[in-house]
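Undergrad: build me a model from this:
(chains A and B)
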Amino acid sequence: MNAPTATASPPPLTRIAPDNWKLAILVGVLVSLVAVLAAPAAVSFWIVGAMAALIAAAFAINAYRRKYYGGLLVAPAIAVLFVMNIFPLLWSLGLSFFAYQSNQQSIRFVGLANYVKVLTSELTATANWLALINTAIFVIFTVAAQMIVGFLLAMLFAKQFPLRKYLLILVLTPMMLSVVASGVFFTYYYDPTFGILSYVVNSLTGEQFVLMSTKLGAVTGIVFADAWMWSPFVMLLVLAGLVSVPKYLYEAAAIDRVSKWRQFWTITFPYIRGLLMLALLFRTIEAFKLADLVILLTKGGNDTMTISYHLIRIANEQNKTSEGAAISYIMLFMVIVLTNLYLYLANRRSQGA
Amino acid sequence: MSGKVSILEALGFRKASGVGEAGWGRTLAAAIISFIYFLPVLFIIFTAIKPQDVALSVPPTLSPTSLFGLIPDQFVFTPTLENFGSVFERSMTVGGAPEPTGFDRYFFNSIVIASSSVLLALVIGTLAAFGFSRYPLKGNDTYLFIILTTRMLPAIVVIIPVILMFRAVGLSGSYTGIILLYTAFNLAFTIWMMKSFFDELSLDVEDAARIDGSSDVRVFFKIALPQVIAGLAATFVFGLILTWNEFLFALLLSGPDTRTVPVAMNQAVSSGGRGTDWTLLAAIETLFLIPVFLVTFFLQNHLLRGVTFGTVKR
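TA: From the prediction side, this is the model:
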């Protein structure tokens, strides 16, 4: 991981120079925080913008002086991400230490009280924990379903056959639908009176069938819809890995009479391991954010409230902005732990192999 | 024997090279499974060409043709193209004169916002990915992980500061604001994806070019970039699909002039207090599906070849 320009050591943090980007970031973040907390939004935005420009300029000058292209290339992306994502993230992190409601003017510092409240208070903590447990259930089942279905679909499409191109795009289409439309149509498919599912069950058993009336049914319905929409994402990534396996490896294995099972683990799997990881990583992150399907299908009824939907209610409908921020940072902490665990395991396996 | 084969070959049933060959059984299985997988989408498309009064009929109407008597008459409906017209022009009150709905504008907005933000993210993100891959900074992995973190928080948390920020500087309801926000939204995925493509390239060619006196800029444009065109296509398609259907940011940040189709779709089908307008929703979604379907279809070959290189490397 040595930089090509390792001979030119980075400047010490304390030296004031136009190319000291570390100092620029430090000053930029500090000044931004102070500006956000002290000045009105109209002023603080421009201060933050100036800080972003300062950091970008420090990166550029530093890069120019040292022929240090890394900083120069990364700077535009960092600048956009800083203004649009990292700065709002820090803002809401700051908010989580204050008592603030977006429909009121008052704001006061309360330290960790919001975190204590959302985790232990009798009034709110129960709902939070329930939503968290539900989210865990959804993450486990949707991600597992997507990985399995996506993997099996990819195995199906791994070999060349006639019309493959056209059949493949049929399987990819669910991913392209707007969640609004597909979610609303799933309420139709599951509808006890008009829906197709109840019609089929009704004509087989003669009884009316209501899927969403129990927790099990509601969770199954949501998991099914989500897995249907996003399995193609996993499929596409895995398929890319399967297609890239050199054919001669299989031919050599066939000559040596290696079993199919062993062929899969020794030849195929190493080619798709990284892609499975990427799919798992992004699907897990998205599954933690599951809200739209729940809103459309159950509105959180039958104990299907997820943490993300709960958050929308708290922050948007009840205007408890700082409590919402506290919950989301607890959630962020969990996602970070989980993704780091994934990446750690993936790296250890790939180094061991 | 050879005559038969050549007829089949003419239909595309020839022995393929490269990825092996599947038998008839696998072909049939794939066809049936793909069709079943596609059924919910097919139902939406069929709903778009249904007359409004049979949209909720019991038993449900399933097909515009009886397929030569294969499907019983009670499941068959008479197709109509009326719903597509009412996407763009319909009467808003009972018995009122047809008014333009503004959906032509919303489609234009969706196309402009999605394509420009995905392309912008692709340009900035590819540069950054090349930087992360070839000229690692100190703490490179930390930066990459922080960038990934920006995808992890639910949108609702980021949105409150962003709304305040946009209001303060007059960006709310403008193209610039939402395009910049979507660019940031796409950057994490673009950088991670493109970095893994650059990581997979052999450095020998680039080093050789440098020894021969090529500048670093030239190495990037003439040697590295042409090798990852497939990756660019794949990243573009994934980014487009995600941005095209994004709902929450668009709902809270787009003004009347910059409203995108998912937001307008949500309003069109749930307003009026008459419950969901199924045929209208289906017609909007069917039209909305066409551009992204076509782009994916034409970039499909790149997509398969493209993500071949993409793997998680930290």
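Undergrad: after the helix or strand where B:I178 lies, next one along is what?
TA: Assessed by DSSP states H and E, B:I178 sits inside helix B:175-200. Next helix or strand after helix B:175-200 toward the C-terminus (DSSP H and E): helix B:203-211.
Undergrad: what's the offset of the next helix-or-strand element following that next one from the middle of its chain?
TA: Using DSSP H and E, the next helix or strand after helix B:203-211 towards the C-terminus is helix B:216-218. Distance, stretch centre to chain centre, for helix B:216-218: 32 Å (CA atoms, centre = their mean, to the nearest Å).
Undergrad: A:K165 against B:S34, yeah?
TA: No: under the contact definition of CB atoms under 8 Å, A:K165 does not touch B:S34, with a separation of 11.3 Å. (C-beta placed from N, C-alpha, C; glycine too.)
Undergrad: the two: which has the busier surroundings?
TA: The neighbour count for A:K165 versus B:S34, taken as other CB atoms under 10 Å in any protein chain shown, is higher for B:S34 (23 against 12).
Undergrad: for the stretch 251-353 of chain A, which residue gets nearest to chain B?
TA: Per CB to the nearest CB, A:G274 is where the stretch 251-353 of chain A lies closest to chain B, at 2.7 Å.
Undergrad: which positions within the strand or helix carrying A:P174 qualify as buried?
TA: Assigned by DSSP H and E, A:P174 falls within helix A:164-176. Within helix A:164-176, the residues that count as buried by 16 or more other CB atoms under 10 Å in any protein chain shown are A:164, A:167-176.
Undergrad: quick one: least confident of the residues you listed?
TA: For the buried residues of helix A:164-176, the weakest pLDDT value sits at A:R164, with 81.
Undergrad: okay, it and chain B: tell me how far apart.
TA: Here A:R164 is placed at a distance of 7 Å from chain B (CB to the nearest CB, to the nearest Å).
Undergrad: what residues are up against that residue?
TA: Contact analysis of A:R164 by CB atoms under 8 Å, 6 or more residues apart in numbering or on different chains lists A:157, B:30.
Undergrad: quick check: phi and psi on A:S106?
TA: Main-chain dihedrals, A:S106, degrees, to the nearest 10: phi -70, psi 150.
Undergrad: walk me through the domains of chain A.
TA: Chain A breaks down into these domains under automatic domain parsing: A:21-94, A:115-352.
Undergrad: of the ones you listed, which shows the lowest average pLDDT?
TA: Taking the mean pLDDT of those, domain A:21-94 comes last: a mean of 78.
Undergrad: and the helices in the stretch 51-200 of chain A?
TA: A:69-81, A:87-95, A:113-120, A:125-156, A:164-176, A:179-190, A:196-205 (DSSP state H, counting those that start in this stretch).
Undergrad: which stretch among those comes nearest B:I124?
TA: helix A:69-81 (4.8 Å; CB to CB).
Undergrad: that closest one close to chain B?
TA: Yes: Helix A:69-81 is in contact with chain B by CB under 8 Å from any CB of the partner chain, via A:69-74, A:76-78, A:80-81.
Undergrad: centre of the chain to that helix, how far?
TA: The answer for helix A:69-81 is 23 Å, by CA atoms, centre = their mean.
Undergrad: tell me how far the closest residue to B:A55 other than its chain neighbours lies from B:T101.
TA: With sequence-adjacent residues excluded and distances taken as CB to CB, 6 or more residues apart in numbering or on different chains, B:A55 is closest to B:W278, at 4.2 Å. For B:W278, the distance to B:T101 equals 17 Å [CB to CB, to the nearest Å].
Undergrad: just to revisit the earlier point, and the helix holding A:P174, how far out from the chain's middle?
TA: Offset of helix A:164-176 from its chain centre (CA atoms, centre = their mean): 24 Å.
Undergrad: got the angle between that helix and helix A:125-156?
TA: 170 degrees (axes from the mean of the first three to the mean of the last three CA atoms, to 10 degrees).
Undergrad: angle of helix A:164-176 against helix A:179-190?
TA: Note on geometry: by the same axes, to 10 degrees, helix A:164-176 and helix A:179-190 are set 100 degrees apart in direction.
Undergrad: and B:W278 and B:T101? which has more neighbours close in?
TA: Set B:W278 next to B:T101 and count neighbours by other CB under 10 Å: B:W278 wins out with 21 against 18.
Undergrad: how about the more buried one, what does it touch?
TA: Per CB under 8 Å, 6+ apart, neighbours of B:W278: A:188, B:47, B:55-56, B:269.
Undergrad: a markdown table please, covering these and showing secondary structure.
TA: Listed next are the contacts of B:W278 as a markdown table, based on DSSP: H, G, I helix; E, B strand; the rest coil:
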| residue | secondary structure |
| --- | --- |
| A:Y188 | helix |
| B:T47 | helix |
| B:A55 | coil |
| B:L56 | coil |
| B:V269 | helix |
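Undergrad: between those, which is nearest A:M334?
TA: A:Y188 (34.4 Å).
Undergrad: OK, contacts around the nearest residue in space to that closest one that is not next to it in sequence?
TA: Excluding the flanking residues, the one nearest A:Y188 by CB to CB, 6+ apart is A:G195, at 5.9 Å. For A:G195, the contacting residues are A:188-189, B:60, by CB under 8 Å, 6+ apart.
Undergrad: okay, now A:Y199: neighbour count?
TA: 17.
Undergrad: centre-most residue in the chain?
TA: Looking at chain A here, since you left the chain open. Geometric centre of chain A, nearest residue: A:I285, 2.6 Å, by CA atoms, centre = their mean.
Undergrad: sorry, I should have been clearer: chain B.
TA: Geometric centre of chain B, nearest residue: B:I241, 1.8 Å, by CA atoms, centre = their mean.
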